[in-house]
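Asks: A predicted structure for the sequence below; I have some questions about it.
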Amino acid sequence: MKRFAVLLIVISLFVPSFAHGATKVKIGFVNSITGPEAPIGENLSNGVTLAIEDLKKKGIDVELLKEDDTGKPETAMAAFEKLATSDKVSGIVGPYTSKCAAALAKLAEKYKVPLLIPVASKDDITRQGLKWTFRLSATTNDYAQILLDMATTLGKPKTMAIVNENTDFGTSGATSAKAYAAKKGITVVAEEAYAPGSPDYRSTLASIKSKNPDLVFMVSYVADAILLMRQSREIGLSPRAFLGAGAGFATVQFAKEKDISNDVFSSTQWTPDVSWPGAKEFNERYKTRFGKEPTYHATTAYESMMIMAETAAKAGGDTTRTRDALKRGKWNGIMGQVAFGDYEGYTNQNHHPMLVEQIQNGVHETVYPPQFAPKKPVYPFPGWGK
Amino acid sequence: MAIFEQALVSGILIGGVYALIGIGLTIIFGVMRVINFAHGDLLMVGMYLTYYIFTILHIDPFLSIAITIPLMFLFGAFLQKFFINRVLNALPQNQILLTIGLGLIMSNTVMLAFTSDYKILTTKYSSSSVTILGISISSPLVISFAITVAISLALTWFLRETNTGQAIRATAQDREAATLMGINVKRMSIIAFGLGSALAGTAGALIAPTYYIFPQVGSIFTLKAFVITVLGGLGSVSGAMIGGVLIGVAESVGGAYLGSGWKEVITFVLFLLVLLLKPSGLRGKSQT
């Protein structure tokens, strides 16, 4: 009996983590909690909240340090420096917007702290040979490609107009769309980069209407997406299809504005009815918890936090070992297969398969590619029906 | 295609709302010589009032201005009586700091109370339009333009014909002389600021059905209001009207021909040209 007790003490000395019950790990999370991007930022926060709960169940106790970037790169940078130098986190997840993510990618390299970008999709971010920046999300190239692939299978569009906001995400989306359209033999007849926040886009839309494009490709955040579609209806702009590159067009708020959102396409990285493990359960759990549908922003944030925290916990919180493990690792979760590879000039980029949804009767329905899609797309756009 | 006509018409219509924002700012400046940097935030408060009157009481945004105007007038009068009146004789930079501070308090209070979520006010006519001669005209913009014109006319009549209006103008012309003539200058200031905020709030109400609402929306319009009033001549009501429509048209036509990214460039080139050629603004009187 005495010997047994000694044995127990010895064991408990050698495996202290068993005695405490859980591994502790410090992870930073930079997000747009306030500011104009906050409505989408909230989805990321919710996703991370659920991830932290699941990590706890797996025996990983995450000390989460949340920082608000208010949508501004300079605030995001200050937050990153604080997390890297004073909090000494093992890894950072975030930020939401492309302009903030582009700024933080350089800092990750400088401070040697692994950064996992969940959803910012500006193409260039992972094309600079950076070693400490990882990205789960697809890129703006993928956003444009899946939409144009779909459009060319559904019909024979010859012309396209591009409307985008003049931010990093918008410009990158427009450049990708233009390049891919050239490959597909579609002529770009109008390119309009607008400054977000203007109450009046009517004249721009009228000049697009005069060129009568088959496709209208839009890259906008939430409020402008609604505004642009409202004014398109007013002006009577009615192409074969409206193609929205995710962001504003993928939100529930946009879908709810049935008068203007019906039959609009949006590329997305995730839908509730996709066949990836845990996707449906995540959807149900999210809805009961937060009272609304999750967007792909929430799921990418969830999966990013899971991957980062698990990897960092296994690496004992060491930043270099965490980075190496991220580079080697493979995951399969609610975002499908995840691996950070080097290809086509990208480094540490996950090759994420994209989906297209269409708003039908105020709800986003997955319509493309056919192997994932339970519903059929409505094409061409049936008109405004005034 | 009638792109030019289309751009011109939407420019004039949106310019009407800009004018309303500008008039408010110009009245406040004219009477108090205080530049109101909280002007956009007053507009934002007007937007939120309209939004909640619409969602809770189900009163149409264009009818609810009958509630918004007096509420915003009282709010403005309150700000003047308890805050701005105290700094009337202070250094200009202190006055600017005070109004910026008031603006920040307003936008952040609204953010605390209603979160930073975008609110979209959707009425039956939010995206409806009528087509005349191939030009599609937004119905809500036409209504708001008509209301703007009516308010501007009423305001002009008030300032010209009524005793209070004349007293306000006298205060604007020469504060000391007005005091000597027995005008209660402080009272006039309160009325003027009340009028200014009521106009900003009304502009917010008129723009709410076609725009989106969030706590920081004010900053976009503060800058615009500033350009409009300086362009038209600080303190001049008719100048602000002209300035508003001019900026609306410049943005719209510029957006149609040079691309929407160039809109602001056109506005500010126009602005600089006026400042260079006529530093007191289009309708401004040169003052010392």
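Replies: Happy to help now that I have it.

Asks: Spatially, which residue comes closest to residue B:111, not counting chain neighbours?
Replies: Leaving aside its chain neighbours, residue B:111 sits nearest to residue B:215 (4.1 Å; criterion: C-beta to C-beta, 6 or more residues apart in numbering or on different chains). For glycine as for every other residue, the C-beta is placed from the backbone atoms N, C-alpha and C.

Asks: Just give me the neighbour total for that neighbour.
Replies: Residues near residue B:215, counting by other C-beta atoms under 10 Å in any protein chain shown, number 28.

Asks: Then the one 5 residues further on?
Replies: Neighbouring residues of residue B:220 were enumerated by other C-beta under 10 Å; the total is 17.

Asks: For my notes, confirm it occurs in a helix.
Replies: Yes - the assignment for residue B:220 is a helix, going by DSSP: H, G, I helix; E, B strand; the rest coil.

Asks: Need the nearest residue in space to it, chain neighbours excluded.
Replies: Counting by C-beta to C-beta, 6+ apart, residue A:197 is the residue found nearest to residue B:220 once chain neighbours are left out, at 5.0 Å.

Asks: for residue A:154, same thing?
Replies: Of all residues not flanking residue A:154 in the chain, residue A:379 sits nearest, at 4.3 Å (C-beta to C-beta, 6+ apart).

Asks: Mind pulling up the pLDDT for the one you found?
Replies: Looking at residue A:379, its pLDDT stands at 85.

Asks: name the element the residue nearest the centre of chain A belongs to?
Replies: Of all residues in chain A, the one closest to the mean position by C-alpha atoms, centre = their mean is residue A:119, 2.5 Å from it. Assignment of secondary structure by DSSP states H and E places residue A:119 within no helix or strand.

Asks: And the helices in chain A?
Replies: For chain A, helices defined by DSSP state H occupy the ranges A:2-14, A:16-20, A:38-57, A:73-81, A:98-111, A:140-154, A:168-184, A:202-211, A:222-235, A:252-256, A:258-261, A:279-290, A:296-314, A:319-328.

Asks: Could you point out which of these sits nearest residue B:114?
Replies: Proximity to residue B:114 (C-beta to C-beta) singles out helix A:38-57 among the helices of chain A, at 11.9 Å.

Asks: Dump the C-alpha coordinates for that closest one into CSV.
Replies: Provided in CSV are the C-alpha atoms of helix A:38-57 (Å, rounded to 0.1, in the frame of the first residue of the first chain):
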residue,chain,number,x,y,z
ALA,A,38,-18.6,44.9,-37.1
PRO,A,39,-21.8,43.2,-38.4
ILE,A,40,-19.7,40.6,-40.2
GLY,A,41,-17.1,40.6,-37.5
GLU,A,42,-19.7,39.4,-35.1
ASN,A,43,-20.0,36.1,-37.1
LEU,A,44,-16.3,35.5,-36.5
SER,A,45,-16.6,36.2,-32.8
ASN,A,46,-19.5,33.7,-32.5
GLY,A,47,-17.5,31.0,-34.4
VAL,A,48,-14.6,31.5,-32.1
THR,A,49,-16.8,31.3,-29.0
LEU,A,50,-18.1,27.9,-30.1
ALA,A,51,-14.5,26.7,-30.9
ILE,A,52,-13.4,27.6,-27.4
GLU,A,53,-16.2,25.5,-25.9
ASP,A,54,-15.2,22.5,-28.1
LEU,A,55,-11.6,22.9,-27.3
LYS,A,56,-12.4,22.8,-23.6
LYS,A,57,-14.2,19.5,-24.2
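
Asks: now check it, is it near chain B?
Replies: Yes - with C-beta under 8 Å from any C-beta of the partner chain as the criterion, chain B is reached by helix A:38-57 at A:38, A:39, A:42.

Asks: now that helix, how far from the chain's geometric center?
Replies: 13 Å (C-alpha atoms, centre = their mean, to the nearest Å).

Asks: Give the buried residues for that helix.
Replies: Within helix A:38-57, the residues that count as buried by 16 or more other C-beta atoms under 10 Å in any protein chain shown are A:38-52, A:54-55.

Asks: name the helices or strands packed onto that helix?
Replies: If you count contacts as 3 or more C-beta pairs under 8 Å, 6 or more residues apart in numbering or on different chains; DSSP states H and E, helix A:38-57 packs onto strand A:23-31, strand A:60-68, helix A:279-290, helix A:296-314.

Asks: tell me the pLDDT at residue 152?
Replies: You didn't pick a chain, so chain A it is. Value for residue A:152, per-residue pLDDT: 91.

Asks: oops, I was thinking of chain B
Replies: For residue B:152, pLDDT reads 91.

Asks: burial count for it?
Replies: For residue B:152, using other C-beta under 10 Å, the count is 20.

Asks: which residues sit in contact with it?
Replies: For residue B:152, the contact set (C-beta atoms under 8 Å, 6 or more residues apart in numbering or on different chains) comprises B:19, B:20, B:23, B:237, B:241.

Asks: Now find how far off-centre stretch B:108-118 is within its chain.
Replies: With C-alpha atoms, centre = their mean, you get 22 Å for stretch B:108-118.

Asks: what does stretch A:366-383 give?
Replies: On C-alpha atoms, centre = their mean, the centre of stretch A:366-383 falls 22 Å from that of its chain.

Asks: Touching that stretch from outside, list them.
Replies: Taking C-beta under 8 Å, 6+ apart as the rule, stretch A:366-383 contacts A:146, A:149-151, A:153-155, A:238-242, A:263, A:265, A:271, A:273-275, A:355-358, A:360, A:365.

Asks: buried subset of these?
Replies: With burial judged by 16+ other C-beta under 10 Å, the buried subset of the contacts of stretch A:366-383 is A:146, A:149-151, A:154, A:238-242, A:263, A:265, A:271, A:273-274, A:355-358, A:360, A:365.

Asks: Number of residues surrounding the nearest residue to residue B:262 once chain neighbours are set aside?
Replies: Nearest non-adjacent residue to residue B:262, counting by C-beta to C-beta, 6+ apart: residue B:254, 5.8 Å away. Residues lying near residue B:254 (other C-beta under 10 Å) number 24.

Asks: Please apply the same query to residue A:78.
Replies: For residue A:78, the count of nearby residues is 13 (other C-beta under 10 Å).

Asks: gap between it and residue B:6?
Replies: As defined by C-beta to C-beta, to the nearest Å, residue A:78 lies at a distance of 45 Å from residue B:6.

Asks: ok, back up a step: which members of the contacts of residue B:152 are positioned in helices?
Replies: B:19, B:20, B:23, B:237, B:241.

Asks: Among the residues you listed, which one sits closest to chain A?
Replies: residue B:20 (12.9 Å; C-beta to the nearest C-beta).

Asks: Nearest residue to the closest one in space, please, no chain neighbours.
Replies: Spatial nearest neighbour of residue B:20, chain neighbours left out: residue B:203 (4.2 Å); criterion: C-beta to C-beta, 6+ apart.

Asks: Hmm, residue B:24 and that neighbour touching each other?
Replies: Yes - here residue B:203 reaches residue B:24: they are 7.3 Å apart, a contact under C-beta atoms under 8 Å.

Asks: follow-up on the earlier one: return the residues in contact with the residue nearest to residue B:111.
Replies: B:44, B:107, B:108, B:110, B:111, B:114, B:116.

Asks: okay, now residue 211: neighbour count?
Replies: Went with chain A since none was named. Under the neighbour criterion other C-beta under 10 Å, residue A:211 is assigned a count of 12.

Asks: ah, no, chain B please
Replies: Neighbours of residue B:211 under the rule other C-beta under 10 Å: 23.

Asks: again, but for the one 10 residues further on
Replies: Residues lying near residue B:221 (other C-beta under 10 Å) number 28.

Asks: thought it was touching residue B:39?
Replies: Yes - at 7.3 Å, residue B:221 and residue B:39 qualify as touching, with contact defined as C-beta under 8 Å.

Asks: Spit out the residues that contact those two alike.
Replies: Residues touching both residue B:221 and residue B:39 by C-beta under 8 Å, 6+ apart: residue B:21.

Asks: Quickly name whichever of the contacts of residue B:215 is closest to chain A.
Replies: Nearest member of those to chain A, counting by C-beta to the nearest C-beta, is residue B:116, at 4.1 Å.
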